[in-house]
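Visitor: Let's see this in three dimensions:
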Amino acid sequence: TSAPRGLRSARNLVIWMTSETDKKKKKTPPAKKGLLSYIIGAAVVVLSALPSSVMNVDQSYVRGALVVAGGLIGYLKAQSVPSLVAGVGIGSLMGVSGFVIQSTPHVIAGNALGAGVSATLLGVMGARAIKKKAFMPAGVLAGIGLIGTVDHAVRLYGLMKKK
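Guide: Coordinates of the predicted model:
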């Protein structure tokens with residue numbers, strides 16, 4: 001079919017074209033999330049909780065990489081720019097925290113940054129998981145935030161006790 005005469009702008013043409021293709025698509029019910037998504041989510045949370053001595057890197061790097069990967073997956077699956085921006089932003093801050101802890105003398109500042117970022121992730125994604133009553137992906141990210149918050153808080157407590 002050809003576009004009607006009244007469509008003069010590119011925006012109106014795009015809207016008209018997408019409305020035509022939407023009419024042709026059959027609506028299928030969304031697939032139910034299976035046991036596999038829960039297993040993957042649990043594995044991610046366990047990976048983020050492994051002690052640094054097992055992996056020979058600060059866990060902030062691991063948690064940061066997992067959050068960045070989650071943001072990328074959210075963008076690729078749902079074209080969600082907020083998922084991409086938040087995932088890369090929060091994950092990068094977690095990575096910076098790991099770098100400051102391992103590579104500079106400012107260990108307290110690195111742990112404080114990691115605790116703050118992790119607590120933010122826990123609060124935002126925990127609220128979203130409760131609101132949507134969904135474990136994936138918000139519950140997994142809240143779990144990573146909880147583990148990070150506790151990890152950095154314990155480290156901070158130990159560092160402050162030494163002083």
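
Visitor: what's around residue 69, how many residues?
Guide: When counting by other C-beta atoms under 10 Å, one arrives at 13 neighbours for residue 69. (C-beta placed from N, C-alpha, C; glycine too.)

Visitor: Scan the protein for its longest helix.
Guide: Longest among the helix segments of the chain by residue count, using DSSP state H, is helix 107-132.

Visitor: What is it packed up against?
Guide: Under the contact definition 3 or more C-beta pairs under 8 Å, 6 or more residues apart in numbering; DSSP states H and E, helix 107-132 sits against helix 59-78, helix 81-103, helix 140-162.

Visitor: can you give me the angle the first one makes with helix 81-103?
Guide: Meaning helix 59-78. 170 degrees (axes from the mean of the first three to the mean of the last three C-alpha atoms, to 10 degrees).

Visitor: And the contacts of helix 59-78?
Guide: Contact with helix 59-78 is made by 44, 47-52, 55, 80-81, 83-88, 90-95, 97-99, 101, 110, 114, 118, 121, 137, 140-141, 144, 147-148, 151-152, as judged by C-beta atoms under 8 Å, 6 or more residues apart in numbering.

Visitor: List only buried entries from the residues you listed.
Guide: Listed as buried from the contacts of helix 59-78 are 44, 47-49, 52, 83-84, 86-88, 90-91, 93-95, 97-98, 101, 110, 114, 118, 121, 137, 140-141, 144, 147-148, 151-152; burial here means 16 or more other C-beta atoms under 10 Å.

Visitor: how much space is there between residue 94 and residue 132?
Guide: Plainly put, residue 94 is 23 Å away from residue 132 if you go by C-beta to C-beta, to the nearest Å.

Visitor: which stretches of this protein have low pLDDT?
Guide: 1-41, 48-56 (pLDDT under 70).

Visitor: 50 - rerun?
Guide: Applying pLDDT under 50 to the chain flags the ranges 1, 3, 7-11, 13, 16-17, 20-32.
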